[in-house]
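1. output the structure for:
(one chain, ligands or ions: 1)
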Amino acid sequence: ICLKLSEGWTAMKNEFVWGVSSSAFQIEGATSEGGRGLSTWDVYTRTPGKILNGDTADIACDHYHRYREDVKLMAELGVTGYRFSIAWPRIVPDGVGAPNPAGIAFYSDLIDTLLEYGIQPYPTLYHWDLPVINQFVADGWLSRQTAEAFARYAGICFEAFGDRVRHWITLNESWCSAVIGYGLGAFPPGRRDSEQPYLAAHNLLLAHAMAARTFREGGFDGQIGIANNCDWREPLTGAEADRQAAERALQFFYGWFTDPLVFGEYPEMMREKLGCRLPEFTSDERKFVAGSVDFLGLNHYTTLYASAEPPAVGCDIGPNGNGGMIADQDVFLSVDPAWVQTDMVWSIVPWGLRKMLNWVGERYPGIPVYVTENGCSCPEPDVESALNDTMRQEYLKAYTASCLAARDEDGVDVRGYFCWTLLDNFEWTSGYARHFGLVRCTPSDLTRIRKGGFRTYRDIIAAN
Ligand code: GBH
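-> Numbering: from 1, shown residues only. Got it, this is the predicted structure:
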C-alpha cells in the first residue's frame with residue numbers, strides 16, 4: 001500500500017504546474033492595432049493625474065508583436081503553464097457586437113506557440129480591461145447586462161480556443177474590480193461608494209456563473225475556475241475577538257467571491273454584518289451559481305494582522321484604509337514593524353501563503369487550488385539592480401517553499417504555482433515605476449534582460 005501511495009504521490013508531484021502569469025493590458029501594447037476596441041483602462045490612463053508619470057500602456061512590453069520571443073523565454077525557464085489574459089476588446093471590440101477575426105487570430109497563434117513548446121495555456125477571460133461600451137452604456141459591473149455580454153464573449157472564446165485550452169479562468173481578482181473600482185475609486189470607473197462594490201461583485205459572480213454554464217452546456221473539454229485574490233489575515237493576538245476579526249476579514253475577502261460559486265451563498269459573517277445591503281441570488285440563479293468552479297485560483301502577495309480593536313503597535317490601516325469595505329467588516333489591520341517590505345509597501349511574510357492555502361483547502365474541500373499569482377516588486381532603477389534582485393530571489397524561494405509545505409506537509413490539494421510575472425510591465429496606476437518581472441524590459445528599451453530571479457525560478461522549477 002505504501003509503495004502504491006508513494007507512486008501516486010510522485011505522479012501527483014510530477015503533474016504540479018510551474019508557471020508564469022501576465023495580463024493583456026499590462027504587456028501587449030499595440031492598443032490601436034488589430035481591430036482592438038477601447039477599454040475602460042485606455043480611457044483611464046489617458047485621464048490626467050490617474051497614472052504615475054502619466055504612463056500609458058500603448059507600448060508596454062510590445063508583447064503583441066514579440067510573443068514568440070516571450071514564449072521562448074518561458075521555455076527557457078522551464079514552465080509548463082502560462083496564465084495570460086485575453087483582452088475582451090480584442091475579441092469583441094465594442095463589447096457586445098461582432099467578433100474580431102484579427103483578435104481571435106492573435107490568441108490562436110499564441111496558444112499554438114505555447115503548445116509547440118509544451119506549455120499549457122491558462123487563459124483568463126477578464127483581467128480588468130472592460131470594453132468601454134459596457135461601462136458607458138450598461139454602467140459596467142453595476143449592470144447585469146455586462147454579465148450577459150461577458151458570458152457571450154466567453155462563449156466566443158470557448159468556440160475559438162476550446163479545442164486547445166484545458167483550463168479556463170473567468171475573472172481576475174473581482175475583489176479589486178469591485179472594491180478598488182467602485183469603492184475606493186482608484187481603478188476605473190473611479191467610484192467612491194459604500195454600496196456599489198456589493199452590486200458590482202454580485203454581477204461579477206453572475207458573469208462567472210453564466211460563463212461556466214455556457215462552458216458546461218457547450219460540452220467543451222476541460223475545466224473552468226476563477227482567480228480570486230486574498231492576502232492572509234493573521235489574528236494579532238490569541239484573543240478570541242482577534243481570531244474572529246481575522247476570520248471575518250478572510251470571509252469578506254476570499255469568501256465573498258468564492259463562497260457563492262461553491263455553496264450558492266455569501267459567507268455567514270458577511271450576511272450577518274450586512275443584512276439586506278447584500279444582494280441576493282434568486283433560487284434559480286443559485287442553481288447555476290453554486291458549484292460553478294472546477295478549481296480555484298489564489299492570487300496572493302502579502303499578510304497583515306487583524307484585530308478587533310486598534311493595535312497598540314504597528315501602523316494601523318483600518319477601518320478606512322486598505323480593504324475598502326473594512327468599515328463594514330469591523331476589523332483593524334496592521335503590520336509587524338519587523339517585516340521587510342517590497343516597494344509596493346507589501347510585507348514579505350512567506351508563511352502567510354501556507355496558512356492561506358490551508359484556509360482555502362479547509363473551507364472548500366475537494367476543490368483543487370492553484371496559486372495563480374505570487375511575486376514581488378523590487379526597486380530597480382537600472383540594469384545592474386535588476387541583475388542583483390536578491391529580494392526577489394529570496395521571496396521566490398521562501399514563497400514556493402511555503403506553497404509546497406501546504407501541499408506536502410498539510411495535504412492541501414495545490415496543483416500549481418504561477419509567478420507574477422515574466423516581464424516588467426504596466427503596473428496599473430503605478431505605470432512603469434514598479435518591477436515585478438523575472439525579465440527586465442521597459443517601453444523605451446524593449447530588449448528582454450534576464451534578472452537574477454529568472455535563474456532562481458528556473459532552478460526552483462528544475463528541482464520541482
Ligand atoms: C495583482 O493585484 C493583479 O492581478 C496584477 O494585475 C498586478 O500587476 C499584480 O497583482 C501586482 O500588483 O495593503 O498589505 O493588504 C494585486 C492585488 C490587492 C495585492 C491588495 C495586495 C494589498 C496589500 N493586491 N493587496 S496590503
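2. contacts, neighbours, all on C-alpha from now
-> Fine.
3. hang on, Glu265 packs against Asp259?
-> Yes. Under the criterion of CA atoms under 8 Å, Glu265 makes contact with Asp259 at 6.1 Å.
4. Val262: what secondary structure?
-> helix (DSSP: H, G, I helix; E, B strand; the rest coil).
5. surely it touches Leu296?
-> No. Val262 is not in contact with Leu296 according to CA under 8 Å; the separation is 9.9 Å.
6. neighbour-wise, which of those two wins?
-> Neighbour count, other CA atoms under 10 Å: between Val262 and Leu296, Leu296 has more, with 25 against 20.
7. nearest spatial neighbour of Tyr432, chain-adjacent residues omitted?
-> Phe426 (5.2 Å; CA to CA, 6 or more residues apart in numbering).
8. let me see the confidence value for that neighbour.
-> We have a pLDDT of 98 for Phe426.
9. and for the one 3 residues further on?
-> With respect to pLDDT, Thr429 has a value of 98.
10. and the gap between Ile367 and the ligand?
-> For Ile367, the distance to the ligand (CA to the nearest ligand atom, to the nearest Å) stands at 22 Å.
11. ah, wrong one, I meant Val293
-> 19 Å.
12. Ala433 too?
-> 12 Å.
13. skip the chain neighbours and tell me the closest residue to the residue of the chain found nearest the ligand.
-> Closest residue of the chain to the ligand, CA to the nearest ligand atom: Trp346 (4.6 Å). Take Trp346 and drop its neighbours on the chain: the residue closest to it by CA to CA, 6+ apart is Thr302, 5.9 Å away.
14. my guess is the one you found contacts Val345. True?
-> No. Between Thr302 and Val345 there is no contact under CA under 8 Å: 9.7 Å.
15. what about these two, which has more around it?
-> A side-by-side neighbour count of Thr302 and Val345, using other CA under 10 Å, places Thr302 first with 23 against 10.
16. how close does the residue nearest to Tyr432 sit to Gln145?
-> According to CA to CA, to the nearest Å, Phe426 and Gln145 sit 29 Å apart.
17. those two: who's more crowded?
-> Taking other CA under 10 Å, Phe426 and Gln145 do not tie; Phe426 has more neighbours (28 against 18).
18. ok so, going back, pull the contacting residues for the residue of the chain closest to the ligand.
-> Counting by CA atoms under 8 Å, 6 or more residues apart in numbering, Trp346 makes contact with 301-303.
19. give me the contacts around the longest helix anywhere in the chain.
-> Assignment by DSSP state H gives helix 196-217 as the longest helix of the chain. By CA under 8 Å, 6+ apart, the surrounding residues in contact with helix 196-217 are 141-144, 146-148, 150-152, 154-155, 158, 170-171, 174-175, 177-179, 181-183, 224, 226, 257, 260-261, 277-279, 288-289, 292-293.
20. that older thread, distance of the residue nearest to Trp346 from Gly431?
-> 21 Å.
21. report the buried residues of stretch 263-270.
-> 263-267, 269-270 (16 or more other CA atoms under 10 Å).
22. ditto for stretch 359-372
-> Across stretch 359-372, burial judged by 16+ other CA under 10 Å covers 359-361, 364, 367-372.
23. now swap in stretch 434-447 and tell me
-> By 16+ other CA under 10 Å, the buried positions in stretch 434-447 come out as 434-443.
24. then it to PDB, C-alphas only?
-> Only the C-alpha atoms of stretch 434-447 are listed here, as PDB (Å, rounded to 0.1, in the frame of the first residue of the first chain):
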ATOM      1  CA  ARG A 434       7.200  49.000 -10.400                       C
ATOM      2  CA  HIS A 435       9.100  46.000 -11.400                       C
ATOM      3  CA  PHE A 436       7.500  42.600 -10.900                       C
ATOM      4  CA  GLY A 437       9.300  40.800 -13.800                       C
ATOM      5  CA  LEU A 438      11.700  37.900 -13.900                       C
ATOM      6  CA  VAL A 439      12.900  39.700 -17.000                       C
ATOM      7  CA  ARG A 440      13.600  43.400 -17.300                       C
ATOM      8  CA  CYS A 441      12.100  45.400 -20.200                       C
ATOM      9  CA  THR A 442      10.800  49.000 -20.500                       C
ATOM     10  CA  PRO A 443       8.700  50.700 -23.200                       C
ATOM     11  CA  SER A 444      11.800  52.700 -24.200                       C
ATOM     12  CA  ASP A 445      14.100  49.600 -24.200                       C
ATOM     13  CA  LEU A 446      12.200  46.500 -25.100                       C
ATOM     14  CA  THR A 447      15.300  44.300 -25.000                       C
END
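25. now the longest helix of the chain: average pLDDT?
-> pLDDT averaged over helix 196-217 gives 98.
26. got the CA positions of that helix in CSV?
-> The C-alpha coordinates for helix 196-217 follow below in CSV (Å, rounded to 0.1, in the frame of the first residue of the first chain):
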residue,chain,number,x,y,z
GLN,A,196,-21.8,49.8,-5.4
PRO,A,197,-19.0,47.3,-4.6
TYR,A,198,-21.6,44.8,-3.4
LEU,A,199,-23.7,45.2,-6.5
ALA,A,200,-20.6,45.1,-8.8
ALA,A,201,-19.4,41.9,-7.0
HIS,A,202,-22.8,40.3,-7.5
ASN,A,203,-22.8,40.9,-11.2
LEU,A,204,-19.2,39.7,-11.5
LEU,A,205,-20.2,36.5,-9.7
LEU,A,206,-23.2,36.1,-12.1
ALA,A,207,-20.8,36.7,-15.0
HIS,A,208,-18.6,33.9,-13.9
ALA,A,209,-21.5,31.6,-13.3
MET,A,210,-23.2,32.4,-16.7
ALA,A,211,-19.9,31.8,-18.5
ALA,A,212,-19.4,28.5,-16.6
ARG,A,213,-22.9,27.4,-17.6
THR,A,214,-22.1,28.2,-21.2
PHE,A,215,-18.9,26.2,-21.0
ARG,A,216,-20.5,23.2,-19.5
GLU,A,217,-23.6,23.2,-21.6
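27. roughly how far is it from the heart of the chain?
-> 16 Å (CA atoms, centre = their mean, to the nearest Å).
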